[in-house]
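Novice: Predicted model, plus sequence, below.
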There are 2 protein chains.
Amino acid sequence: MNSRSGMLSIGTLAKATGVASPTIRYYEDIGLLPKPRRTTSDQRIYDESDKERLIFIRRCRDFGFSINQVRLLAGLSISPDQNCREVRDIAHAHLTDVRAKLKELRALEKSLTGFVEQCDAACSGGPGRECLVFKDIAKPENNKCC
Amino acid sequence: MNSRSGMLSIGTLAKATGVASPTIRYYEDIGLLPKPRRTTSDQRIYDESDKERLIFIRRCRDFGFSINQVRLLAGLSISPDQNCREVRDIAHAHLTDVRAKLKELRALEKSLTGFVEQCDAACSGGPGRECLVFKDIAKPENNKCC
DNA sequence: CCTAAACCTTCAAGTAACTTGAAGGACAAC
DNA sequence: GTTGTCCTTCAAGTTACTTGAAGGTTTAGG
């Protein structure tokens, strides 16, 4: 199947969008992408609007939106009255998630940095019989247990 | 099964460590936790060393180490010559991952913030027929495709 | 003692978001 | 025609849990 007048095979679409063929089929399976037309030999034929939709999906995924969120966003993008407010709310909720995750990761970075530095200090004479770091891991300084 | 002289049922261990019973069984299944003794009625009996090991595992998971990394770390923690250098290397590799992820998330936060602000600006007069944000998503400014 | 509730067991499948592999057909280039 | 690449569907694998079914045991209260 050669690409003519905007008609794309799945492999060509995959290359054009950076989304793997199996993933494209997966998205179709879960209803995120509409079922495309087929050739007489049953191969999928995609057009430019399919390509745009897939790019949209990929971008949303890149942004870290879950499949369900992407589903919502995609639905909003094609609804007659595109409701920017809803989109904004979804994005904002996600932004909140991202900020929480950032906070976590910053704390983690700090812990790990201390960890590695402590490890470097403890091992400056070579491997020790009792690694202090393990004690640190096994005995929480701040008991985070519920 | 009541908790006496350090003997813990799985449920008690779960409460003591914040790790769910099914997860404890899962860890045993995948060899991360040793198989514990059993009662005459086949219930698991854990002791303090099991508890410490589970806390260790949980802490490593909290740090974001994968199960395989935790497996390595746990192995190192009980080896006769505890090799702090290897621990440090594992932790350092993970720290590198965390930093990369932080970088990603910061960029994402920036994008999403701009996204939400743009959305707020576009919708200040209420829902628009053409949401500019969708166009932004569908048309990458920087083409990140391979 | 009985009963009900809570706990235990194993086994298997579900979750999320893909990814891989088997088996077989179609297409393109030489 | 042949070979290599692409296509199809179906199903299972990946990672790290989580849930649910079916059945047994323990604990607490009447």
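Specialist: It's in. Numbers count the residues shown, from 1 in each chain, chains lettered A, B, ... in the order given.
Novice: counting residues per helix, which one in chain A is longest?
Specialist: Longest helix in chain A by number of residues (criterion: DSSP state H): helix A:84-122.
Novice: Quick one: mean pLDDT for it?
Specialist: In this model, helix A:84-122 carries a mean pLDDT of 84.
Novice: Show me what that helix packs onto, helices and strands only.
Specialist: Here helix A:84-122 touches helix A:67-78, helix A:132-138, helix B:84-122, helix B:132-138, going by 3 or more Cβ pairs under 8 Å, 6 or more residues apart in numbering or on different chains; DSSP states H and E. Just so you know, the C-beta spots here come from the backbone N, C-alpha and C atoms, and that holds for glycine as well.
Novice: how much does the longest one deviate in direction from helix A:84-122?
Specialist: What separates the directions of helix B:84-122 and helix A:84-122 is an angle of 160 degrees, with axes from the mean of the first three to the mean of the last three Cα atoms, to 10 degrees.
Novice: returning to what we had before: do the longest helix of chain A and DNA strand C meet?
Specialist: No: Helix A:84-122 stays clear of DNA strand C (Cβ under 7 Å from any atom of the strand), getting no nearer than 11.6 Å.
Novice: ok now that helix, how far from the chain's centre?
Specialist: Chain-centre distance of helix A:84-122: 15 Å, with Cα atoms, centre = their mean, to the nearest Å.
Novice: So which bits of it are buried?
Specialist: Residues of helix A:84-122 classed as buried: A:84-88, A:90-92, A:94-95, A:98, A:101-102, A:105, A:108, A:111-112, A:115-116, A:118-119, A:122 (neighbour count, 16 or more other Cβ atoms under 10 Å in any protein chain shown).
Novice: To DNA strand D, which of the helices and strands packed on helix A:84-122 lies closest?
Specialist: For DNA strand D, the closest of the helices and strands packed on helix A:84-122 is helix B:84-122, at 11.6 Å, according to Cβ to the nearest atom of the strand.
Novice: Take the helices and strands packed on helix A:84-122 and write them to JSON lines, including distance to B:Ala14.
Specialist: Output for the helices and strands packed on helix A:84-122, formatted as JSON lines (distance: least, Cβ to Cβ, whole Å):
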{"stretch": "helix A:67-78", "distance to B:Ala14": "30"}
{"stretch": "helix A:132-138", "distance to B:Ala14": "18"}
{"stretch": "helix B:84-122", "distance to B:Ala14": "26"}
{"stretch": "helix B:132-138", "distance to B:Ala14": "43"}
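Novice: could I get those as JSON lines with distance to DNA strand D?
Specialist: Conversion of the helices and strands packed on helix A:84-122 to JSON lines gives the following (distance: least, Cβ to the nearest atom of the strand, whole Å):
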{"stretch": "helix A:67-78", "distance to DNA strand D": "14"}
{"stretch": "helix A:132-138", "distance to DNA strand D": "15"}
{"stretch": "helix B:84-122", "distance to DNA strand D": "12"}
{"stretch": "helix B:132-138", "distance to DNA strand D": "23"}
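Novice: nearest to A:Met7, of the ones you listed?
Specialist: The closest of these to A:Met7 is helix B:132-138. By Cβ to Cβ, the value is 20.0 Å.
Novice: Against DNA strand D, how distant is the closest residue to A:Ile45 other than its chain neighbours?
Specialist: Excluding the flanking residues, the one nearest A:Ile45 by Cβ to Cβ, 6 or more residues apart in numbering or on different chains is A:Arg37, at 4.7 Å. Note on A:Arg37: its distance to DNA strand D, by Cβ to the nearest atom of the strand, to the nearest Å, is 10 Å.
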